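# Build the 3D model from these lines:
(chains A, B and C)
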Amino acid sequence: MDNIGLKSGDVTLVEILDRVLDKGVIIAGDIVISVADVDLIYLGLKVLLSSVETMEHLRGAPFPSPMQEAT
Amino acid sequence: MTMNSIVETDFPETFVEEMEKLQEALPQRIDANPNNVEKGLAKLVLTLVELVRKLLEKQAMRRIEAGSLSDEQIERVGETLMKLETKMHELKEVFGLKDEELNINLGPLGDLM
Amino acid sequence: MKLYLYGIIDSSSMIPEPICGLEASSVYNIPYCDIGAVVSEINQPVQAVSKRLVLEHEAVTEKLMEKFTVLPFRLLTILDGRENVLSMMGDYYGDFRGNLDGLRGKVEFGIKVIWPADKVKSRIIDACGTKNRNAHLLDDSVERRFVREKFEEHKIDRALREKADGYIHAMDVFLGKFAAAKRLETLRTENLLLSAVYLVTKDNQDNFREAFEHIRTARKDFKYLFSGPWPPYHFVTLRRKSQPRRNSGQTAIFDKVILQPTLVEADRT
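Residues are numbered from 1 along each chain as shown, chains lettered A, B, ... in the order given. From the prediction side, this is the model:
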């Protein structure tokens, strides 16, 4: 994985993710909807660290392969 | 909107590095993007195959430790484990998957690897 | 009307201070009996787990934590309409009520410890000695050598785990004293010796912190991370299983049944 100049703020993000992604109140069923057409996956820290502007630019564009960022 | 929670450590990069290795092998949801479906499913299947392989290996080790296998049986076990390992290695290469991506948490049994 | 869920609180009143949620919309409480679901309305489809989304979500749950007991929701729990929220609360009321009562006045702290796995392994290998390797016969088959190597690996791995358990137990002696509940994970990666969460009453926060300082200074070759206070993400227990989705274009091959620790002393995983 490329060195992307991780800062200490990122360890906060990683700690939060360790909780919000699959802990807490988890309910499923017909009434729970994901608003997007495509199911959501956690693409990894590298994607999350891109700026909000970049994320907005990526909306509507095809998702990058989740394996790409693992190289 | 600010947050109250603090994260204190003298080694933030080190911890981020370790935590990144923990990305789940079994995703919460499957990405339906056609480009990714194949890889997602391959990961799923290979994770399960790896589970079986590791369990066989562990079982073999326990039997050897208990001394309940003859020399010939040990030989056979060795041959099988070797072949399985080689096969898994090939499959991982074909799909571009790394060991960490196939690790799953077995709850009370700990992690697979 | 799509509603984004942040948490369940032990109050059916309006939220006293304004809280800002996703898309800068107002966060409000939907009451049900003596509890409430805290939501905000969203209009934009959420297409990715972004940093902003994560931080905004967490900021809301922490704000709620200041005034209420809160059961935080997992990220991206979105329901369609108020009726569905009420129906969900009806289904889970017993669980929610029980959890809220058990978690009142308690917060979660996280502790992670990294150890020099390579060094520990080297020491173990040295201790095992090279005598075993010298005992190999030169005409040993490839298969037998393979098994022998695997077996050595297996022994080393086991010794590593035993060492890890020893260290963790020693640390837990101090930390566990001030915890109402805990969840410990050993060797999530080879270097991540311990990944633990402790449920601590607000009164005991300082004591707990002191206990951490004590173990932190005990070993200089370990690396430590301390985080919190968090809403009690790891200590929410829902007994009611999730229903599988029907007629959905979205396929979830694994609908997880989450086995969470109960609110009494949790065993080490």
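# show me where pLDDT drops low in the chain?
In the absence of a named chain, chain A is used. Low-confidence segments of chain A, defined by pLDDT under 70: A:1-8, A:29-31, A:34-71.
# that answer is for a different chain, and I need it for chain B
In chain B, residues with pLDDT under 70: B:1-4, B:23-37, B:100-101, B:103-113.
# Could you pull out the helices in it for me?
Assigned by DSSP state H, the helices in chain B fall at B:12-20, B:34-66, B:71-95.
# With distance to C:Arg188 and mean neighbour count added, can I get those in a markdown table?
C-beta here means a position set from N, CA and C on the backbone, and glycine is covered the same way. Converted to a markdown table, those look like this (distance: least, Cβ to Cβ, whole Å; neighbours: other Cβ atoms under 10 Å in any protein chain shown):
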| stretch | distance to C:Arg188 | mean neighbour count |
| --- | --- | --- |
| helix B:12-20 | 8 | 20 |
| helix B:34-66 | 17 | 15 |
| helix B:71-95 | 21 | 15 |
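# Using JSON lines, lay out these together with distance to C:Thr77.
Supplementary listing: these in JSON lines, determined by distance: least, Cβ to Cβ, whole Å:
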{"stretch": "helix B:12-20", "distance to C:Thr77": "23"}
{"stretch": "helix B:34-66", "distance to C:Thr77": "22"}
{"stretch": "helix B:71-95", "distance to C:Thr77": "32"}
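# got a markdown table for those helices, with distance to chain C too?
Shown next, in a markdown table, are these (distance: least, Cβ to the nearest Cβ, whole Å):
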| stretch | distance to chain C |
| --- | --- |
| helix B:12-20 | 5 |
| helix B:34-66 | 4 |
| helix B:71-95 | 3 |
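# my guess is C:Ile125 contacts C:Lys155, does it?
No: at 9.8 Å, C:Ile125 and C:Lys155 do not qualify as touching, with contact defined as Cβ atoms under 8 Å.
# mind checking which helix or strand the residue lying closest to C:Pro229 once chain neighbours are set aside is in?
Leaving aside its chain neighbours, C:Pro229 sits nearest to C:Val107 (3.7 Å; criterion: Cβ to Cβ, 6 or more residues apart in numbering or on different chains). Here C:Val107 sits within strand C:106-114, counting by DSSP states H and E.
# before we move on, back to that, which residues pair with the residue nearest to C:Pro229 across the strands?
C:Val200 (DSSP bridges).
# quick one, what contacts it?
C:Met65, C:Leu199, C:Val200, C:Lys202, C:Gln205, C:Gly228, C:Pro229, C:Trp230, C:Pro231, C:Pro232 (Cβ atoms under 8 Å, 6 or more residues apart in numbering or on different chains).
# Could you rerun that using 10 Å?
B:5, C:65, C:198-202, C:204-205, C:208, C:228-232, C:235 (Cβ atoms under 10 Å, 6 or more residues apart in numbering or on different chains).
# Over to B:Lys83?
C:Glu143.
# From C:Glu83, how far out is it?
58 Å (Cβ to Cβ, to the nearest Å).
# Repeat that for B:Val16.
42 Å.
# Give me the domain ranges for chain C.
The record's domain parsing of chain C by automatic domain parsing lists C:2-104, C:108-230.
# Could I get those in TSV, plus columns for mean neighbour count and mean pLDDT?
As requested, the domains of chain C are exported to TSV (neighbours: other Cβ atoms under 10 Å in any protein chain shown; pLDDT from 0 to 100):
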stretch	mean neighbour count	mean pLDDT
domain C:2-104	19	92
domain C:108-230	17	90
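# Inside strands: which ones of the contacts of C:Val107?
Mapping the contacts of C:Val107 onto strands (DSSP state E) picks out C:Tyr198, C:Leu199, C:Val200, C:Thr201, C:Gly228, C:Pro229, C:Trp230.
# Closest to chain A out of those residues?
C:Trp230 (6.5 Å; Cβ to the nearest Cβ).
# Name the nearest residue to that closest one, ignoring sequence neighbours.
C:Glu108 is the one closest to C:Trp230 (Cβ to Cβ, 6+ apart), at 4.3 Å.
# With B:Val49 instead?
Closest residue to B:Val49 apart from its sequence neighbours, by Cβ to Cβ, 6+ apart: B:Met88 at 6.9 Å.
# can you point me to the longest helix in chain A?
helix A:8-20.
# residues in contact with C:Asp95?
C:Asp95 neighbours (Cβ under 10 Å, 6+ apart): A:Val25, A:Ile27, C:Ile8, C:Leu71, C:Val236, C:Thr237, C:Leu238, C:Arg239, C:Arg240.
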